[in-house]
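Asker: here is a sequence together with a model predicted from it:
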Amino acid sequence: MSENADRDELGLPGATDGLHRRTKLAIVGAGAVGSTIAYAALMRGAARTVALYDINTAKVEAEALDLGHGVQFMPMAEVVGSDDMAVCAGSDVVVITAGAKQKPGQTRIDLAEATIALVSKLLPPLVEIAPHAVYLMVTNPVDIVTYAALKISQLPPAQLFGSGTVLDSSRLRYLIAQHTGVAVQNVHAYVAGEHGDTELPLWSSATIGAVPLLDWNGIGGRGQLTAEVRDQIAHEVVDSVYRIIAGKGATNYAVALASSRIIEAVINDEQRILPVSSLLDGYYGISDVCLSVPTLVGRDGAGDRLQVPMSADELAGLRRSAQSLATVARRLGF
């Protein structure tokens, strides 16, 4: 029996069959979000190699060592960490979590400018060593940073995109499920637009089971979704992140799980519909801006966008969100 066959049979690193093919995920930034994405991806078996890169040598090596000690209890994988960017070479997916920390009194535009300055230093050498990887931006403000990253990297629009409103959509589904008393897996609803204050739930296309959400009358008269309730839920979707940050200083668990789901869609070529932030071109008349709409995500990255039916109010809201993002991008020189 060949060495590779031995490895395939035992499920060891180096196996080449089907699910055990050599897949590699690189995560740039070993902070709270980056290290938790690594943990979530390892627990879900998203890749056979997970590489962490950070300029803080002690931090990145410690995170990799801590994760590596738990590999026995996960799907087989290899974990490496380094302050040398070469650790990202040969990756299938590169996730960028590194970004500037928001300082007291700093505006959203100031934060975007500082993060873009950091990304402009990271991206060119990353693209040089991992030219075929799909790049996922998970750093805020994600839509503006994604747009700038495309300009900086000159990568095809499908190959680089942002995590967008995947997490926001998960929050929306969670809150709908909590109110109606059904399993969250039976709720199908998207948040579109900016990952931020101008985002909007797409109520008119949402369903609970096979029932259009706007026709939902509750179960036994309980859990009705009136306009007032929907407004409260939409507010909570946006406000919840501020509550989490106020209580613990950062969000990391849910964003890591959302990111790992995007990573799997790429590595496994799932063609999964996810509301990621990508460069739009003629989507309901919206072009040259990165924002979130339901998108097919697979091995080549962000593919076709779904022309989701929208009400006049939803379409107007999406266009306002696009205009807001475009204005910020222009102010930053992009």
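Answerer: Alright, I've got the coordinates. Since we're looking at a predicted model, the values are computed, not measured.
Asker: low-scoring stretches of the stretch 1-150 of the chain, by residue?
Answerer: For the stretch 1-150 of the chain, the stretches flagged by pLDDT under 70 are 1-21, 102-108.
Asker: now the host helix or strand of residue 318, how far from the centre of its chain.
Answerer: Residue 318 is located in helix 312-331, with elements delineated by DSSP states H and E. Centroid separation between helix 312-331 and its chain, computed with Cα atoms, centre = their mean, to the nearest Å, is 20 Å.
Asker: now the helices: where do they sit in the stretch 101-250 of the chain?
Answerer: Assigned by DSSP state H, counting those that start in this stretch, the stretch 101-250 of the chain shows helices spanning 108-129, 142-153, 166-180, 227-248.
Asker: out of those, deepest packed?
Answerer: helix 142-153 (a mean of 25; mean count of other Cβ atoms under 10 Å). C-betas here are computed from N, CA, C, even on glycine.
Asker: what inclination does that one have with respect to helix 108-129?
Answerer: 40 degrees (axes from the mean of the first three to the mean of the last three Cα atoms, to 10 degrees).
Asker: residues in contact with residue 166?
Answerer: Residue 166 makes contact with 258, 259, 261, 262, 274, 275, 276, 292 under the criterion Cβ atoms under 8 Å, 6 or more residues apart in numbering.
Asker: so who does the closest residue to it other than its chain neighbours touch?
Answerer: Nearest residue to residue 166, sequence neighbours excluded (Cβ to Cβ, 6 or more residues apart in numbering): residue 258, at 4.5 Å. Residue 258 is in contact with 163, 166, 167, 170, counting by Cβ under 8 Å, 6+ apart.
Asker: helix, strand or coil for the nearest residue to the last one once chain neighbours are set aside?
Answerer: By that I understand residue 170. Once flanking residues are discounted, residue 170 sits nearest to residue 258: 6.0 Å by Cβ to Cβ, 6+ apart. Three-state assignment for residue 258 (DSSP: H, G, I helix; E, B strand; the rest coil): helix.
Asker: pLDDT wise, what is residue 258 at?
Answerer: In the predicted model, residue 258 carries a pLDDT score of 96.
Asker: okay, strands next: where are they in the stretch 151-300 of the chain?
Answerer: 160-162, 187-188, 191-192, 200-201, 207-208, 211-212, 272-274, 277-283, 286-292, 295-298 (DSSP state E, counting those that start in this stretch).
Asker: which neighbouring elements make contact with the third one?
Answerer: This means strand 191-192. helix 166-180, strand 200-201, strand 286-292, helix 312-331 (3 or more Cβ pairs under 8 Å, 6 or more residues apart in numbering; DSSP states H and E).
Asker: ok, the fifth one next?
Answerer: Contacts defined by 3+ Cβ pairs under 8 Å, 6+ apart place strand 207-208 against strand 187-188.
Asker: so what touches the strand it packs on?
Answerer: Defining contact as Cβ under 8 Å, 6+ apart, one finds that strand 187-188 is touched by 173, 176, 177, 180, 206, 207, 208.
Asker: partners of it, with directions?
Answerer: Paired strands of strand 187-188, with direction, are strand 207-208 (antiparallel) (DSSP bridges).
Asker: report the rounded mean pLDDT for the strand it pairs with.
Answerer: For strand 207-208, the mean pLDDT works out to 97.
Asker: got the helices of the stretch 101-250 of the chain as JSON lines, with distance to residue 282 columns?
Answerer: Converted to JSON lines, the helices of the stretch 101-250 of the chain look like this (distance: least, Cβ to Cβ, whole Å):
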{"stretch": "helix 108-129", "distance to residue 282": "25"}
{"stretch": "helix 142-153", "distance to residue 282": "16"}
{"stretch": "helix 166-180", "distance to residue 282": "23"}
{"stretch": "helix 227-248", "distance to residue 282": "27"}
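Asker: for residue 281, find the nearest of these.
Answerer: For these, the distance to residue 281 is smallest for helix 142-153, at 12.0 Å, taking Cβ to Cβ.
Asker: got the angle between the closest one and strand 277-283?
Answerer: Going by the same axes, to 10 degrees, helix 142-153 makes 90 degrees with strand 277-283.
Asker: report how many residues lie close to residue 298.
Answerer: 18 (other Cβ atoms under 10 Å).
Asker: who's it bridged to?
Answerer: Where residue 298 sits in a bridge, its partners, by DSSP bridges, are residue 301.
Asker: state the pLDDT value of it.
Answerer: Per-residue confidence (pLDDT) for residue 298: 98.
Asker: and for residue 221?
Answerer: pLDDT, read off for residue 221, is 76.
Asker: assess the claim that residue 160 and residue 135 are in contact.
Answerer: Yes - between residue 160 and residue 135 there is a contact at 4.1 Å, judged by Cβ atoms under 8 Å.
Asker: pull up the overlap in contacts between these two.
Answerer: Residues touching both residue 160 and residue 135 (Cβ under 8 Å, 6+ apart): 149, 153.
Asker: just want to know which of the two has more residues nearby.
Answerer: residue 160 (28 against 25).
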